[in-house]
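Trainee: Output the structure for:
(2 chains)
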Amino acid sequence: MSLFSSNGTLLLLHKKLEGVKRASRYDLVLSPQFYIVKREKIPVKYSFQAKKLAPSILDDLLPADYGYEYGVKKDGDSWLFFAYSPREIEEFLQSCCNIPPHRIGKIYFADQLKEVLQKLPVGIDNERALTLVDDFATIVPRSMLDSDRYARFTKKLRPKSSFNFKASKRLGEESKLSKGAIVAAGLLFLLGLFFMLDGFGYKRAIAKEESKLANLYEEYPQLQSKLVRESIAQKYEKIEKRERRIRELIDSFSQLTSKKTILDSLELKAKAIVGHFIINPGEEKRVLSIAASENLKTKKINAGIIEIKGEIK
Amino acid sequence: MSRDRLIMLLALLFLVASILFFFYQKKGYTKRFEEIKQEKIQVEKTAALKRLWSTKGMQKKLHNLFKRVPKAKVERLKIERTKVNIKLNSLSDKEINYLLTKLAILPVEFKKLNIVKSGNSFILEALCAW
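Mentor: The predicted model follows:
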């Protein structure tokens, strides 16, 4: 079987049909039990013209309005007019073989097997066969036939031209979506759309951040490498920490000085800055409180001289 | 399968796919945003440090600073390519404040800093490098 074949499993549809194998689609050869046929000679050239006339030609043969569909086929000088009831076929397939209507593909009429039937009757089961009677395909008991040989119904018997099966209105109604399903699906879809839009929002946001970073790198191209950045930062952070502390301490020392508190000496050592201040006894309290607030260590050397030490961390 | 079920299933699949897409993007965003943030902070901090401690034109700046000090007060002033060695005498408290403030602004490392009171004035001795 070709993967790309558009043909379904071929079935000869008759009233005693049973034991049908499961398939995704079925093409039906309708036995005369499921359609009505009439041969007429009418002066039309094209099948679409003939098809327009089909209802009026078959009108007197059809028992009631059962939602008939029509098909026409040129047969020599005359036209064959077919009428079938999609609803009847759908109901039969559903009840006999549990085949849902949407699995029905193309249909054919048994009269299209005329060339085969002229040679041999086609066996339907052990009791009946399909043969030609008055040039029309007919199901007859095998006992009525003289033939000992019967053709088997296989896919090789598939007629050349097919008819599209027109599903009944009921099926059309069934296949329509219910309002509730549309609303629910719409809501789910809408919710999904919000999530999708939010997702794209994040995508856009990250692209924006990336472009900001790219702009920053344009400004400082040498800092693109993480190794270079770390090396520069390491070099300067050490200096930055020590020198910032030295400057803070110098500033703190300058706050201690006044007209009554004079700097005697100031020395920068490896881990501290030490200053000696000559202070007026009345100023001692002020100097000590400032020193305490600036985290400076104080030590009284003698009356009027205080050593103040600020540690470089 | 009826069309109702099919359409519901499709909508549900779309919703699930959208939610997965959303969380995938959100997770990626959170992770990348944090990375970019850290990277930006590091770049800006390094650039600021580099700018702050840039020693471009340092000799000229020091020349300009010390040319204001009267020559009589200069005992030693050696401005070299990467360091300056100074000893200035007889500085008033205003002068010493000014010089210290200006030196502190410059991106130099204080290797040595001594201020000693001598009579009514001060002696400033410093070795700065960059």
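Trainee: how deep is the closest residue to A:A185 other than its chain neighbours tucked in, by neighbour count?
Mentor: Nearest-residue entry for A:A185: B:A11, 3.9 Å, with adjacent residues in sequence omitted and distances by C-beta to C-beta, 6 or more residues apart in numbering or on different chains. Heads up, the C-betas are built off the backbone N, CA and C, glycines and all. B:A11 has 21 neighbours, counted by other C-beta atoms under 10 Å in any protein chain shown.
Trainee: so how far is chain A from B:K112?
Mentor: Using C-beta to the nearest C-beta, to the nearest Å, B:K112 is found at 6 Å from chain A.
Trainee: Please confirm that that residue is located within a strand.
Mentor: Yes. Assigned with DSSP: H, G, I helix; E, B strand; the rest coil, B:K112 falls within a strand.
Trainee: hang on, the earlier thing: list the contacts of the residue nearest to A:A185.
Mentor: A:A184, A:A185, A:G186, A:L188, A:F189, A:G192 (C-beta atoms under 8 Å, 6 or more residues apart in numbering or on different chains).
Trainee: and the host helix or strand of the last one, what other elements does it pack with?
Mentor: When elements are defined using DSSP states H and E, A:G192 is found to belong to helix A:179-219. Contacts of helix A:179-219 with other secondary structure elements, assessed using 3 or more C-beta pairs under 8 Å, 6 or more residues apart in numbering or on different chains; DSSP states H and E, are made with helix B:3-52.
Trainee: quick check: mean pLDDT across the helix or strand where A:I36 lies?
Mentor: Secondary structure from DSSP H and E places A:I36 in strand A:35-40. For strand A:35-40, the mean per-residue pLDDT is 90.
Trainee: just stretch B:39-53 next, same as before
Mentor: 89.
Trainee: Mind listing residues that contact it?
Mentor: Outside of stretch B:39-53, the residues within contact range by C-beta under 8 Å, 6+ apart are A:212-213, A:216-217, A:219-220, A:223, A:226, A:229, A:232-233, A:236-237, A:239-240, B:107.
Trainee: before we move on, the earlier item: and the helix or strand following the helix holding A:G192, how far out from the chain middle?
Mentor: For helix A:179-219, the following helix or strand on the C-terminal side (DSSP H and E) is helix A:226-256. On the basis of C-alpha atoms, centre = their mean, to the nearest Å, helix A:226-256 sits 58 Å off its chain's mean C-alpha point.
Trainee: Local confidence estimate at the closest residue to A:A23 other than its chain neighbours?
Mentor: For A:A23, ignoring the flanking residues on the chain, the nearest one in space by C-beta to C-beta, 6+ apart is A:T9 at 4.0 Å. Per-residue confidence (pLDDT) for A:T9: 87.
Trainee: do you know how far A:T9 is from A:S211?
Mentor: For A:T9, the distance to A:S211 (C-beta to C-beta, to the nearest Å) stands at 60 Å.
Trainee: Neighbour count for those two, which is higher?
Mentor: In terms of neighbours (other C-beta under 10 Å), A:T9 is the more surrounded of A:T9 and A:S211; the figures are 17 against 10.
Trainee: Any idea what the more buried one is bridged to?
Mentor: A:Y26 (DSSP bridges).
Trainee: so it sits right up against A:V29, yeah?
Mentor: No. Look at A:T9 against A:V29 with C-beta atoms under 8 Å: they stay out of range, at 11.4 Å.
Trainee: Buried residues, stretch A:226-238. List them.
Mentor: Neighbour-count burial for stretch A:226-238, counted by 16 or more other C-beta atoms under 10 Å in any protein chain shown, picks out A:R229, A:I232, A:A233, A:Y236.
Trainee: what does the average pLDDT come to for the helix holding A:G192?
Mentor: The model assigns helix A:179-219 a mean pLDDT of 93.
Trainee: How about stretch A:302-313?
Mentor: Rounded mean pLDDT across stretch A:302-313 is 88.
Trainee: now swap in stretch A:98-118 and tell me
Mentor: For stretch A:98-118, the mean confidence score works out to 88.
Trainee: How far does it sit from its chain's centre?
Mentor: Averaging C-alpha positions (C-alpha atoms, centre = their mean) puts stretch A:98-118 37 Å from its chain's average.
Trainee: Is that stretch in proximity to chain B?
Mentor: No. Stretch A:98-118 does not reach chain B (C-beta under 8 Å from any C-beta of the partner chain); its nearest approach is 9.4 Å.
Trainee: tell me how far the ends of that stretch are from each other?
Mentor: With C-alpha to C-alpha, to the nearest Å as the measure, stretch A:98-118 spans 34 Å from end to end.
Trainee: With stretch B:115-127 instead?
Mentor: Using C-alpha to C-alpha, the end-to-end distance of stretch B:115-127 comes out at 12 Å.
Trainee: Now that stretch: buried residues?
Mentor: Applying 16+ other C-beta under 10 Å to stretch B:115-127 flags B:I115, B:K117, B:F122, B:I123, B:L124, B:E125, B:A126, B:L127 as buried.
Trainee: what stretches of chain B score poorly on pLDDT?
Mentor: Counting by pLDDT under 70, chain B has low-confidence residues at B:1-2.
Trainee: Mind doing that once more with 80?
Mentor: Counting by pLDDT under 80, the low-confidence segments of chain B come to B:1-4, B:54-56.
Trainee: now the spatially most central residue of it: how far from B:G57?
Mentor: With distances taken as C-alpha atoms, centre = their mean, B:L49 lies nearest the centre of chain B, 2.5 Å away. Per C-beta to C-beta, B:L49 is found 18 Å from B:G57.
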